[in-house]
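Asker: Model the following, please.
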Amino acid sequence: MRKDVRILLVGEPRVGKTSLIMSLVSEEFPDEVPPRAEEITIPADVTPERVPTHIVDYSETEQTDEQLYQEISKANVICIVYAVNNKNSIEKVTSQWIPLINDRTDKDSRVPLILVGNKSDLVEHSSMETILPIMNQYTEIETCVECSAKNLKNISELFYYAQKAVLHPTGPLYCPEEKEMKPACIKALTRIFKITDQDNDGILNDAELNFFQRACFNTPLAPQALEDVKNVVRKNMSDGVFDNGLTLKGFLFLHTLFIQRGRHETTWTVLRRFGYDDDLELTQDYLFPPLKIPPDCTTELNHNAYLFLQSVFDKHDLDRDCGLSPDELKDLFKVFPYMPWGPDVHNTVCTNDRGWITYQGYLSQWTLTTYLDVQRCLEYMGYLGYSIISEQESQAAAVTVTRDKKIDLQKKQTQRNVFRCNVIGMKGCGKSAFLQAFLGRNLMRQRQIREDHKSFYAISTTYVYGQEKYLLLHELFADSEFLSDSEISCDVVCLVYDSSNPSSFEFCARIFKQHFMDSKTPCMIVAAKSDLHEVKQDCSPSPSDFCRKHKMPPPQPFTCNTVDVPSKDIYIKLTTMAMYPHARLRCMCTCNRCTFCVCQNFLNSDLLHSVKTKLYTAVLNRHVMQADLKSSTFWLRASVGATMFAVLGFAMYRALLKQR
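Answerer: Presented below is the predicted three-dimensional model:
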């Protein structure tokens, strides 16, 4: 909405332009009328629309043609004043003033016109019979008001209509010749209908209509008023109401009725609540609310945002298969002006066997967008109507800005839920396969991916110590040893080499020495293609000795040439290293010597699983006989087992704490 309104009064001499302004200001007819009134400003708090209003007078004797042209170009609305008792002044409306104004304004953005018939106190008849054909001829004419400066008749109404013509223009909404709404208005209202239809059944039920009413007008509709609205629609169209709910056709009909009855401010209130400007485009302020992001901080979606996105997914997953088919995905994005996700998204997140984006993949893609391009995320959430549905000031409320990474390192704990891993290696070493394996795709499935649909990102969830975290893999194409600051910036680095290529590891070693040897970013070496015959690397020291020398975990063998879904263990290790970079964990291996491996082997041992199974059977299924409960041997075994668990648990805790 405009921040102010500028009204210009033009017309033939002595029709009462200045008198109208003076009568409005003083609320009485002036005894002496100057040749021209000075520009006046009416404060926002005394105008019906709460917008400052500037009223400008024009005098042919006081001003030049050039000054008139300047005022026309600056005006938001022009009142053409004629005297109802002067036929010549009426004729001049079409012969002089409308052509003059149209010549000085852009055809695509005509300034609205108000015809003002002054001196109605001097005649007993109305001029509307003469004026109506003129109004039908020129669509830029908003309305005609007959008034009297002397009797103060319709003076306030005149300036109210002028203000309304600027703040709630009819032009963008309605075509009077066709007697129907314009396509842009229909498109905007259709988006609003789809956002408000929260169960996606094609109708607005009473609860949805009341939510819409509260969101736009801050008050619910009484049950009887709700029925009256639906009855009006029923009387005028057969398919406007279905199953006691308002259809899209009925919704559009109501707004057409509002406009035809001169209540277009109602439609504008709805449009502006959902972010539209006077040109029926979503405003930049709506799509991109301010969000301050300090250096070394990242952006993530918060809990409320995920709940909202979950509701959007459920709304469009019509077959309830936890996957979005192409038609369901297309329907979800109908509220967007364009399709935001390209074909590469299917190779960025998890999909089902049919290649449809799963619920987890859907949330992962939103997480990726928020992390990489938060402004784009705000824009997308704006299209979905997050601020309206979640009743928030803006979609910026959906985003959490994490604290500085330096603070995480100092406190040795992190509040982040999304961790970035840059995957680096020479061409052909298996980086792309490493990304796709994270999404659960073996080599056979990866071969079905089209070259033009490949993605350099992969994101999914992992569980670290029972906590769900997002791991974002980014494949870097480092043809040279030089990496930019943005390529170095991440939470963990994965250096991939081809274990079957003798010259592959040397590249990883050089990258590590040049960029990561002295950094605080944890690194992991991955020996890809471990299903092939391993060859000795040309460079010295060997990958194992290199890792030992630089206090890194030993090279992690990796292959996706499997029948089943590739293992996620290596990705859990990467996420753990990203979460605890200060720990410098060297126990993510299979050496069977370090404390971590001993504890892990014990936790995964058949003995422990056997004991757990027996305890579960004994306690939960109540298979312990009464005689056993009274046996001292039974309680001795239980005591020894409990003691062993406590000692081993404490030892594991101390060992891990010491290493971190």
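Asker: Residue 134: which element?
Answerer: Per DSSP states H and E, residue 134 falls inside helix 128-137.
Asker: Which stretches in the stretch 401-550 of the chain count as strands?
Answerer: With DSSP state E, counting those that start in this stretch as the criterion, the stretch 401-550 of the chain has strands at 418-424, 457-464, 467-475, 492-498, 523-528.
Asker: Turn the ones you listed into CSV, columns for distance to residue 331 and mean neighbour count.
Answerer: Using the backbone N, CA and C atoms, a C-beta is placed for each residue, glycine as well. Below are the strands of the stretch 401-550 of the chain laid out as CSV (distance: least, C-beta to C-beta, whole Å; neighbours: other C-beta atoms under 10 Å):
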stretch, distance to residue 331, mean neighbour count
strand 418-424, 28, 24
strand 457-464, 24, 20
strand 467-475, 26, 19
strand 492-498, 38, 26
strand 523-528, 40, 24
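Asker: mind putting these in JSON lines, distance to residue 410 and mean pLDDT included?
Answerer: Converted to JSON lines, the strands of the stretch 401-550 of the chain look like this (distance: least, C-beta to C-beta, whole Å; pLDDT from 0 to 100):
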{"stretch": "strand 418-424", "distance to residue 410": "18", "mean pLDDT": "96"}
{"stretch": "strand 457-464", "distance to residue 410": "21", "mean pLDDT": "96"}
{"stretch": "strand 467-475", "distance to residue 410": "21", "mean pLDDT": "96"}
{"stretch": "strand 492-498", "distance to residue 410": "19", "mean pLDDT": "96"}
{"stretch": "strand 523-528", "distance to residue 410": "21", "mean pLDDT": "96"}
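Asker: To residue 182, which of the ones you listed lies closest?
Answerer: Among the strands of the stretch 401-550 of the chain, strand 457-464 comes nearest to residue 182, with 40.8 Å by C-beta to C-beta.
Asker: can you give me the offset of that closest one from its chain's centre?
Answerer: Chain-centre distance of strand 457-464: 22 Å, with C-alpha atoms, centre = their mean, to the nearest Å.
Asker: For that strand, output the C-alpha coordinates as PDB.
Answerer: Extracted C-alpha coordinates of strand 457-464, given in PDB (Å, rounded to 0.1, in the frame of the first residue of the first chain):
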ATOM      1  CA  TYR A 457      25.100 -32.200  -3.500                       C
ATOM      2  CA  ALA A 458      23.600 -35.000  -1.400                       C
ATOM      3  CA  ILE A 459      21.800 -34.500   1.900                       C
ATOM      4  CA  SER A 460      20.100 -36.900   4.200                       C
ATOM      5  CA  THR A 461      19.900 -37.700   7.900                       C
ATOM      6  CA  THR A 462      22.200 -39.700  10.200                       C
ATOM      7  CA  TYR A 463      22.000 -40.600  13.800                       C
ATOM      8  CA  VAL A 464      24.800 -39.700  16.200                       C
END
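Asker: Could you tell me which strands sit next to it in the sheet, and their orientation?
Answerer: Strand 457-464 pairs in its sheet with strand 467-475 (antiparallel), by DSSP bridges.
Asker: Let me know the angle separating the partner strand from strand 418-424.
Answerer: Orientation check (axes from the mean of the first three to the mean of the last three C-alpha atoms, to 10 degrees): strand 467-475 against strand 418-424 gives 30 degrees.
Asker: low-confidence ranges in the stretch 351-500 of the chain?
Answerer: Scanning the stretch 351-500 of the chain for pLDDT under 70 picks out 478-481.
Asker: on that earlier part again, using TSV, lay out the strands of the stretch 401-550 of the chain together with distance to residue 384.
Answerer: Output for the strands of the stretch 401-550 of the chain, formatted as TSV (distance: least, C-beta to C-beta, whole Å):
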stretch	distance to residue 384
strand 418-424	20
strand 457-464	20
strand 467-475	20
strand 492-498	32
strand 523-528	37
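Asker: All good on my end, thank you.
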